[in-house]
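Asks: Give me a 3D structure for the following:
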Amino acid sequence: MTITADMIPGYRAGTWKVDHAHAEIGFSVRHLAISKVRGKFERFDATVIAAENPAESSAHVTIDVTSINTGNETRDAHLRTNDFFSASEFPTIEFRSTGVRQEGGEVLLDGELTLKGVTKPITLRGEFGGIATDPTGAVKAAASGTTVINRTDFGVTWNAPLETGGMLLGDEVTLIIEAQFELQQDAA
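Replies: Here you go, the predicted structure:
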């Protein structure tokens, strides 16, 4: 289904920047095949250019790989090495949207994810939270989304076998985004 401006109460075309105080980019991955390790990236930037026709809107996200935080400094340092993200060579992860569409009540944001120098198409499945004006008069919009990627598709292949069989880490990584954006400039 095509998304139109009249389907979105309060829709405003223009440039929207992420509100860092109300946004998080996180992830989870299987550990020991029995639990999940969760983490997030502390530093990132995101811009949405909302077009007059919402289906023509675009999003760009840049994540600082060195800002990874799983709550364990030793693990975080290992994740920055060549075993995982190669942060010194590939300091950012980027997402650029290629299209937005709606299926049922779900918003799908198609795009290209670049991680460790490898670019692959992904689709974020999510929901648009709405648009509101905060007590200071700032116009805000919110959205959330998730996707599952295979880390080995992006060259993140380090793993270790377990004595009981299987591997230390799962290949599938769930990315979770919760974001609020602030309108910076209405479309001219």
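
Asks: Sketch out the low-pLDDT regions of this protein for me.
Replies: The chain contains residues with pLDDT under 70 at 1-7, 9, 187-188.

Asks: For it, which segments count as strands?
Replies: With DSSP state E as the criterion, the chain has strands at 14-31, 35-41, 44-50, 58-64, 68-69, 92-103, 106-115, 118-133, 139-150, 169-186.

Asks: pull the CA atoms of the second one into PDB?
Replies: What follows is strand 35-41, C-alpha atoms only, in PDB (Å, rounded to 0.1, in the frame of the first residue of the first chain):
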ATOM      1  CA  SER A  35      20.800 -16.700  25.800                       C
ATOM      2  CA  LYS A  36      21.100 -13.300  24.100                       C
ATOM      3  CA  VAL A  37      23.700 -10.600  24.600                       C
ATOM      4  CA  ARG A  38      22.400  -7.100  24.100                       C
ATOM      5  CA  GLY A  39      24.200  -3.900  23.400                       C
ATOM      6  CA  LYS A  40      23.800  -0.500  21.800                       C
ATOM      7  CA  PHE A  41      25.700   2.200  20.100                       C
END
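
Asks: ok, back up a step: make TSV out of the strands of the chain and add mean neighbour count and distance to residue 79.
Replies: The C-beta positions use only the backbone N, C-alpha and C, and glycine is treated the same way. Shown next, in TSV, are those (neighbours: other CB atoms under 10 Å; distance: least, CB to CB, whole Å):
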stretch	mean neighbour count	distance to residue 79
strand 14-31	17	10
strand 35-41	15	8
strand 44-50	19	16
strand 58-64	18	13
strand 68-69	18	5
strand 92-103	16	12
strand 106-115	18	12
strand 118-133	15	17
strand 139-150	17	15
strand 169-186	17	11
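
Asks: Export the ones you listed to TSV and append columns for distance to residue 8.
Replies: Listed next are these as TSV, based on distance: least, CB to CB, whole Å:
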stretch	distance to residue 8
strand 14-31	13
strand 35-41	28
strand 44-50	9
strand 58-64	15
strand 68-69	33
strand 92-103	10
strand 106-115	10
strand 118-133	7
strand 139-150	9
strand 169-186	13
